[in-house]
Structures are given as structure tokens and as C-alpha cells.
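# need coordinates for the following:
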Amino acid sequence: MAFFRRRLVWFPTWSGGLFGFTLLALIACALGVNAYALLAPMQPAREARTLVVEGWLGPGELQQVAAVVRAGRYERVVTTGGPIEAWSDVGGWGTAAARAAAYLASNGVPSSGAEGIAIVAVPAPLTQQDRTYVTALMVRDWARRSGTTLGAIDLLSAGVHTRRSWLVYRMVLGPQVEVGAIAVPPADYDGERWWTSSLGVKATMGEVLSLAWTKCCFWPAASESGSMP
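As a prediction, the model looks like this:
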């Protein structure tokens, strides 16, 4: 009885190894340079009448919402988010959704008059995990309770977080709702040159890992997702 078998194994030469390493390095550089474009999509839905704004965004990102509203044909802006600590200069808001709604109403998004747009705060409960998923569920449930037919929406987020939020909202709302994505530039670093700052590196690398985990390992219950009427 034989316990060992002779095998022929191919190993790269020194020049072959160098070529392979160089090729991998070039691919990594290309992916790095284009990471922001991949993670921060700008693909609005053509017929969107609802703009969903992630309420955790800071003032620098929220200041860009008014321009987005003016460029679209939105009937309402929905802000999301759970319990928070107040900003130093803005108090009295228990949730990110309420804070963002108040900020938008006082910073360029018309909420009255002939061009008035409804600004609706849709708060989420406190949760330590799957926060984007929970906020998407709250938007879906708000639409059901209020009798609002979504049809098509645009989701606005900041920079590299946008693609993962876009994926989660499509997962929750299902194929019957067209979900577009609008990524506004982050206020704290240059998104397209993310590797030049520690904040950019942390945000981008973190989103790469989080997006990979969401795609391969996040499977919400069928009763909780994809069930918009």
C-alpha cells in the first residue's frame, strides 16, 4: 500500500513572480483609483418623486440637498435615522431624522409656498447593528401607513457609503420600487483622492469590507424584505 505519491508542481520563475506581482499591483492601483466611483454611484431614477436622505449626514453634506431638490422633480423629502446626541449648535432633536428635517427646512429646501416640498421625518428605533436596513424598513412601513405609493425613489447618501445603502434599500423595497442613488461628496475628505487622508482610507476600506459582507452574508427574513405593495 502506497502512502505517498510523486507529483509535478509548477512554480513561477523569478521573472514570472515579478511579472505576477507587478500585474497584481497594477490591478490594485486601478481599483484604488476607481474605488470612489464604484462606491459612490450617481444613478438617479428618472421618475423619482421621493428623495430619501440619510439623516446621519453632517451639515456639510446636508447643505448639498437643496441643489439636488432643485435639479429634480421631487414632491417630498424623507429623512431617516434613529436616536442621537444633539449637535452643539442645534438642540432639541431626539432623532437624526428629525434633526435632518429641521436642518433642511431652514437651509434651502422649500417647505412652503408655491414650490413647497413636503419634508417628512421617518425616525428609526435604536439599534446597534443593521442600522441602514432598519431605517429602510421604517421608510417602507411609513409608505404603507401613509398610503404613499413610492414607485420610484432616489436615495441620497454621502460618498462611499452610498452603494451599500442603495443595495439595502433595493433589498427592502423589492423590484416593484425603482431605487436610484445620489452620492454627495463627503465634507471631511476628498473622496476621489481618498488615500491621501486617514479618514478617507478608513471610510473607503471599511465600506469595501462592509459591502462585501452585505452581498455575501446578509440575508434578511423574507417576511421583512421585498414586500412593498
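# when you work out contacts or count neighbours from here on, use the C-alpha atoms and nothing else.
OK.
# now do the SS call for the residue nearest the centre of the chain.
Centroid-nearest residue in the chain, with CA atoms, centre = their mean: residue 162, separated by 2.6 Å. Classification of residue 162 by DSSP: H, G, I helix; E, B strand; the rest coil places it in helix.
# kindly report the same for residue 122.
What three-state DSSP gives for residue 122 is strand.
# what's the local residue count around the closest residue to it other than its chain neighbours?
Excluding the flanking residues, the one nearest residue 122 by CA to CA, 6 or more residues apart in numbering is residue 80, at 5.2 Å. By other CA atoms under 10 Å, the residues close to residue 80 number 28.
# I'd guessed residue 80 sits against residue 125; true?
No. Residue 80 lies out of contact with residue 125 (CA atoms under 8 Å); the separation is 10.6 Å.
# gap between residue 171 and residue 70?
According to CA to CA, to the nearest Å, residue 171 and residue 70 sit 28 Å apart.
# between these two, which is the more surrounded one?
residue 171 (19 against 13).
# wasn't that one part of a helix?
Yes. Per three-state DSSP, residue 171 lies within a helix segment.
# tell me the pLDDT of it.
On pLDDT, residue 171 comes in at 93.
# and if you look at residue 220?
75.
# surely it is within a helix?
No. Assessed by three-state DSSP, residue 220 does not belong to a helix; its assignment is coil.
# now name the helix or strand holding the residue nearest to residue 122.
strand 76-81 (DSSP states H and E).
# what sits up against that strand?
Contact with strand 76-81 is made by 49-56, 95-98, 100-101, 117-124, 135, 139, as judged by CA atoms under 8 Å, 6 or more residues apart in numbering.
# right, I'll call it a day here.
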